[in-house]
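> turn this into a structure:
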Amino acid sequence: MSGPRRSRRVPWPSARALCVVALALAACAARARASTEEFSTFSAIAQEEDDESAIDHMLTRAPATWDPEWARATNALRTSQGCLTSGQWFIDSRLKLETSLGERARFGVAYTDHQSDDATYTNTDLLFHWPIARGRISGMFRPFHDKSRQDFGLGWGAGTDTSAVRIEAMFVFEDLFNNLWAWRQTRVGGESEPYTRHPYEPNLSFSVRQPRVRFRLESRYLTPSVKQVIDPADPAVFRVAQLWGTLVDGGLDADALGATWYLSGCDKQARSVEDASSATATGADFRRQWWVCGGLDHALGAHTTLAWRWTYMERSEDFTPPVGEGVFHSIDRVQHIELHGDAWPTVGWRLGWMHDHIDIATGPGVPGFTWGTRGENRLYVGLDLRFSKVRTTGTEGIELDREPYEVAHHHDKGFLSLQSVF
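Predicted coordinates:
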């Protein structure tokens, strides 16, 4: 297990060197406006509760054909929802709004609500942008009911939603009021849980949009933190809790040889440590999930397209006592073939098949549940509708395997995505 890497210092980017510097930063910085809540709730083994988690997450995503409209819209809403298990519903909702704040300054809101088996977090970011000679200066405030968790950020950016090149960099002060007790009213008789090593989060997003090539790279880095946490079983005892996380996510699309080629990937890591001051035992939980996906779309006439994707994904979680003991490791290999087309200008259809071969390796001391090594096959159909500025798509997935649990009639799962620009 390796610890976090320190970011290299780079000079302030000039207009001529903007692209080069952005790529260098993205390799070691981290994605705009994350939070300690995202990394602290991130889990690799919890996704095993859904035996088809990888397939379900893929089908819950909004269609890739919606991405250009979302990227260029100043005011837009996107929500993707779907069935994970008989008791779990996937939700990923994002809202972005922007308006004037005087003659040149701008005010924006970025809302994110993610409720799933991989992580759970909700952020409402209030954004302020002031133009300068080169680019703009940005400020961010993220409120929470618990004032010790409120975040602030300062950043710089260049380009707009419609620009060919755009860069956004921000330094986030996580849980800023945690140690500023003069500014925070603790509850009556309340005990503080201060940081002895405060978390910060430098982050970066960079994109290039050309007629034949589209590229994006987002990254975020949560610095290692150390916090005193009260033991609920004994308020006189505190635990020392540590947290660290990184995420890099990117993609490249290109039009060549009569097809559109896709390559994307993501790597997310987090490490939590808790030790009790009344005992010598220390428990650590290191988790990582990374994947790479490649494929192409090829037109079969004026109204039909054949899409093929292949995804390789690894999930791992390493436990030390008293949290658990041992390593959980999973490898997913997903083949995905789809036909989609337009029946009318505002009506589209999709028909696809997915196969996921999952290899599982785990030890007897690892907490949590797994369905073990398995294969999953799914057939699905979808209907896409567009009403003026509103897009919506519904997908019905039909399982083709005999399930290891009781299923009434046939086993199916439903997914829904909606996107609107304002």
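
> all contacts plus neighbour counts: C-alpha atoms, from now on.
Noted.

> what's the helix or strand encompassing Ser330 packed up against?
In this assignment (DSSP states H and E), Ser330 forms part of strand 326-344. Counting by 3 or more CA pairs under 8 Å, 6 or more residues apart in numbering; DSSP states H and E, the packing neighbours recorded for strand 326-344 are strand 304-319, strand 347-361.

> tell me which element Glu38 is part of?
Applying DSSP H and E as the criterion places Glu38 in helix 36-41.

> what is the longest strand anywhere in the chain packed up against?
Longest strand in the chain, counting residues (DSSP state E): strand 234-256. For strand 234-256, the contact count by 3+ CA pairs under 8 Å, 6+ apart identifies helix 36-41, strand 213-231, strand 259-276 as packing neighbours.

> show me what counts as buried in the longest one.
Going by neighbour count (16 or more other CA atoms under 10 Å), the buried part of strand 213-231 is 214-230.

> tell me what that strand is packed against?
Contact here means 3+ CA pairs under 8 Å, 6+ apart; on that basis strand 213-231 packs against helix 18-26, strand 195-197, strand 200-209, strand 234-256.

> what angle separates the longest one from strand 259-276?
So that's strand 234-256. Orientation note: strand 234-256 sits at an angle of 170 degrees relative to strand 259-276 (axes from the mean of the first three to the mean of the last three CA atoms, to 10 degrees).

> quick one, strand 234-256 and strand 213-231 angle?
170 degrees.

> chain center to strand 234-256, what's the gap?
Centre-to-centre, strand 234-256 and its host chain are 10 Å apart (CA atoms, centre = their mean, to the nearest Å).

> that strand - what's its average pLDDT?
Averaged over strand 234-256, pLDDT sits at 88.

> which residue ranges form the helices in the stretch 51-200 of the chain?
53-60, 67-72 (DSSP state H, counting those that start in this stretch).

> quick check: which of the ones you listed is buried the most?
Among the helices of the stretch 51-200 of the chain, ranked by average contacts under mean count of other CA atoms under 10 Å, first place goes to helix 53-60 (a mean of 20).

> who touches that helix?
47, 80-84, 90, 332, 334, 354, 356, 395, 415-417 (CA atoms under 8 Å, 6 or more residues apart in numbering).

> now do stretch 89-105
60, 74-84, 106-117, 128-131.

> related to what we said a few turns ago, got the angle for the strand holding Ser330 vs helix 53-60?
30 degrees.

> list the buried residues for strand 326-344?
Applying a neighbour-count criterion of 16+ other CA under 10 Å, one finds 326-342 buried in strand 326-344.

> between that strand and strand 347-361, how many degrees?
Interaxial angle, strand 326-344 versus strand 347-361 (the same axes, to 10 degrees): 170 degrees.

> in its sheet, what does strand 326-344 sit against?
Taking DSSP bridges as the criterion, strand 326-344 forms sheet pairs with strand 304-319 (antiparallel), strand 347-361 (antiparallel).

> what's in contact with the longest one?
Residues from elsewhere that reach strand 304-319, judged by CA under 8 Å, 6+ apart: 43-45, 283-300, 325-342, 366.

> before we move on, what about stretch 123-139?
For stretch 123-139, using CA under 8 Å, 6+ apart, the contacting residues are 15, 33, 104-113, 140-143, 152-159, 170.

> for that stretch, the distance to its chain's centre please.
How far stretch 123-139 lies from its chain's middle: 22 Å, per CA atoms, centre = their mean.

> swap in stretch 344-361?
Centroid displacement of stretch 344-361 relative to its chain, using CA atoms, centre = their mean, is 21 Å.

> helices or strands up against the helix holding Glu38?
Helix 36-41 makes packing contacts with strand 120-131, strand 234-256, strand 259-276 when contacts are defined by 3+ CA pairs under 8 Å, 6+ apart.

> let me see the contact set for Met170.
Met170 is in contact with Ala32, Arg33, Ser138, Gly153, Leu154, Gly155, Trp156, Pro202, Asn203, Leu204, counting by CA under 8 Å, 6+ apart.
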